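Colleague: Sequence and predicted structure below; questions after.
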Amino acid sequence: MTIDGEGRILADEATPLRRFSARAPLPEMVQRLAATASLVLLGALAIVFGLHFQHTFEIYRSGKLPSVTAYQNEVGRLLGVMQVSVVVGCAAMTLWSATAVTNARRAFHSLRSVWIAAGGWVAVLASAYAAHAWLDTTLRSGMLLAGLTFLVMLYVPHGTIAGATTDLGGNGYLARVWYLLEVLAAILLWATLSSVSTGLSSSHPQTAMQDKAFLCFVGGLLLCAAAATFFAAARNINDLTHHKWEGARSPGGGWSGPAGSVVITRAATFVPKSPIPTWALRMAVCTGFAVVNAGAVAVTFVGRRNAIADEVRYGSAVAHAALVASTHRFNLVIAASLGVHCLYVLWAIIATINARRRTLLAPSVLAVTATFLSGTLLFMVGPRLDDSLGVTALVIASSVTYVGFVIGQLLLGRALVALGGSGRIFLTWLLVEFGLGACVAYVSRLARNNTQLFTFGALLALFALVSSACAWIAMARLDAACRAESDAFVRARYPLWARALTSSHS
């Protein structure tokens, strides 16, 4: 007996038991609000930049010339405030990320590192500054490499937060949406503000100011949308953390379904309904997207190329008419694209109704309709105002329409996630659509030689092909998920008073 006891003691000392002990989460409301406020502040500053460019545009439109000194002083002041706001925002995000991941590790055995979550935000600024100081200065590439480094490193803290959410039993979809909105806003603001320190544009300054104002308005709204998405993601991870903590405090009262299943708690009176048929509408929308994308490529390689060839052979006077004609054809393609997108919005609303009929976790039909159609109301109000306010209202309406389409696409992806699928296809399609629109805008307004035409025309053809494929895949997957039986493990919720009437042995 003594030998066995000593052997057992030695074995226990050689292989000590490691048991995870859950601890209460730390309060994080102040850090969450501070981080949200920092994103809202950046969005507000972007809108202020847009108002400054819009004011300069109005000066040009009135037939006057703006003061270069006043313009540069205002731009320098706003750039200084924005740089300080970016640093403050990264500091606020560092504190919140450290607290959120720490809470995930305290309440559950999460594998995410607090140092990576917090240090990722510091690495974003440090790596971008190093890329600009060493690579951009050496290659004389402006802010190109610094911007690319910033966008790539920005995924590190977002990916860590998404991983912590997944470890807690949730879904990292909101964190990826938050990252996507910040990337789109950063691209727009970087493209707009990277050249403001050089002064007023010497060629087409009035058009340049109008474009800069529009991009700043869109970037500001995207940052505000990113702030709302961040708050939702932060609240989600906080709820999951406290849920794990409550489960650890009362392990006997927990409930779990099969491993790997999705657990949905809903009212027992919910009855799924048959979906509305959308096959014909989906075919019409996908065919329209394919035709419009092919038309954009055709105008690029036929009309624009002929105009550039005429400019080389006969001079700019003859080529001007061809350039105007190709721009007119591009406008027709854009108008047709808007018509196809209207059909797509109709499909999206019906698809959301179908998803809502299958599960209450799908986004609200009213929310999807409002995001897609909110800019339409502003377009109706704009022409009723005077010249100055009317132009501003149209710019804001265009920005709201663009941001509403982005949020609507993300909500459709969320509906697919609620039905047990993957919503990444809608994110991929959104990025491809963004690249397609950027190529169309560049080719239709800025391409002036064969090198630019073939380079961006090839990108346009690639984006057009991938966009048509993504449109069909995304719409088909959501329709199929609405028709299929849900794979979710459903737990019905009954009123507590009904349980009180049953026997404790039943």
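Modeller: Nice, I can see it. Numbers count the residues shown, from 1 in each chain.

Colleague: Now do the helix or strand encompassing residue 228: which elements does it pack against?
Modeller: Residue 228 is part of helix 205-249, with elements assigned from DSSP states H and E. Helices and strands touching helix 205-249, by 3 or more CB pairs under 8 Å, 6 or more residues apart in numbering; DSSP states H and E, are helix 29-61, helix 68-107, helix 155-167, helix 173-193, helix 387-418. Any C-beta I mention is one placed from the backbone N, CA and C, and that applies to glycine too.

Colleague: contacts for the shortest one?
Modeller: Helix 155-167 is contacted from outside by 93, 97, 100-101, 104, 108-113, 116-118, 120-121, 123-124, 171-172, 174-176, 178-179, 182, 233, 236-237, 240, using CB atoms under 8 Å, 6 or more residues apart in numbering.

Colleague: Could you rerun that using 6 Å?
Modeller: The contact list for helix 155-167, computed with CB atoms under 6 Å, 6 or more residues apart in numbering, reads 97, 101, 104, 110, 112, 116-117, 120-121, 172, 175-176, 179, 237.

Colleague: ok so, going back, what angle sits between the helix holding residue 228 and helix 173-193?
Modeller: 160 degrees (axes from the mean of the first three to the mean of the last three CA atoms, to 10 degrees).

Colleague: Tell me which residue is most central in the chain.
Modeller: residue 181 (2.9 Å; CA atoms, centre = their mean).

Colleague: so who does it touch?
Modeller: Per CB under 6 Å, 6+ apart, neighbours of residue 181: 222, 225, 226, 229.

Colleague: still on that earlier bit, redo the contacts of helix 155-167 as TSV? Include neighbour count and distance to residue 427.
Modeller: Shown next, in TSV, are the contacts of helix 155-167 (neighbours: other CB atoms under 10 Å; distance: CB to CB, whole Å):
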residue	neighbour count	distance to residue 427
97	26	22
101	26	23
104	27	24
110	21	24
112	23	22
116	16	23
117	27	22
120	23	21
121	24	22
172	22	12
175	27	12
176	22	7
179	24	10
237	26	20
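
Colleague: Kindly indicate which of these lies nearest residue 294.
Modeller: residue 176 (30.9 Å; CB to CB).

Colleague: how far away is that closest one from residue 352?
Modeller: 20 Å (CB to CB, to the nearest Å).

Colleague: what's the answer for residue 31, then?
Modeller: From residue 31 to residue 352 the distance is 34 Å (CB to CB).

Colleague: Touching stretch 349-357 from outside, list them.
Modeller: 273, 275, 276, 278, 362, 365, 368, 369, 415, 478, 482.

Colleague: What's the ChimeraX syntax to select whichever of the residues you listed are buried?
Modeller: Selection of the buried residues among these in ChimeraX, burial being defined by 16 or more other CB atoms under 10 Å:
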select :275,278,362,365,368,369,415,478,482
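
Colleague: Mind picking the two most distant members of the contacts of stretch 349-357?
Modeller: Taking CB to CB, no two of those sit farther apart than 273 and 369, at 18.8 Å.

Colleague: re earlier: with pLDDT as extra columns, can I get the contacts of stretch 349-357 in CSV?
Modeller: Shown next, in CSV, are those (pLDDT from 0 to 100):
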residue, pLDDT
273, 75
275, 83
276, 87
278, 86
362, 81
365, 85
368, 85
369, 85
415, 87
478, 91
482, 87
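
Colleague: TSV please, covering the contacts of stretch 349-357 and showing distance to residue 21 and secondary structure.
Modeller: Shown next, in TSV, are the contacts of stretch 349-357 (distance: CB to CB, whole Å; DSSP: H, G, I helix; E, B strand; the rest coil):
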residue	distance to residue 21	secondary structure
273	47	coil
275	48	coil
276	51	coil
278	51	coil
362	38	coil
365	45	helix
368	44	helix
369	48	helix
415	39	helix
478	43	helix
482	44	helix
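
Colleague: Nearest to residue 468 among the contacts of stretch 349-357?
Modeller: residue 478 (16.6 Å).

Colleague: about what we covered before: what is the nearest of the contacts of helix 155-167 to residue 408?
Modeller: residue 176 (16.6 Å).

Colleague: So what's the residue count around the closest residue in space to that closest one that isn't next to it in sequence?
Modeller: Nearest residue to residue 176, sequence neighbours excluded (CB to CB, 6 or more residues apart in numbering): residue 162, at 6.0 Å. As a burial measure, residue 162 scores 24 neighbours (other CB atoms under 10 Å).

Colleague: any idea how far residue 233 is from residue 162?
Modeller: Distance of residue 162 to residue 233, computed by CB to CB: 8 Å.

Colleague: measure residue 92 to residue 37 for me?
Modeller: Residue 92 sits 8 Å away from residue 37, going by CB to CB.

Colleague: Could you check which of the two is surrounded by more residues?
Modeller: For residue 92 versus residue 37, the count of surrounding residues by other CB under 10 Å is larger for residue 92: 22 against 14.

Colleague: What pLDDT is listed against that one?
Modeller: On pLDDT, residue 92 comes in at 93.
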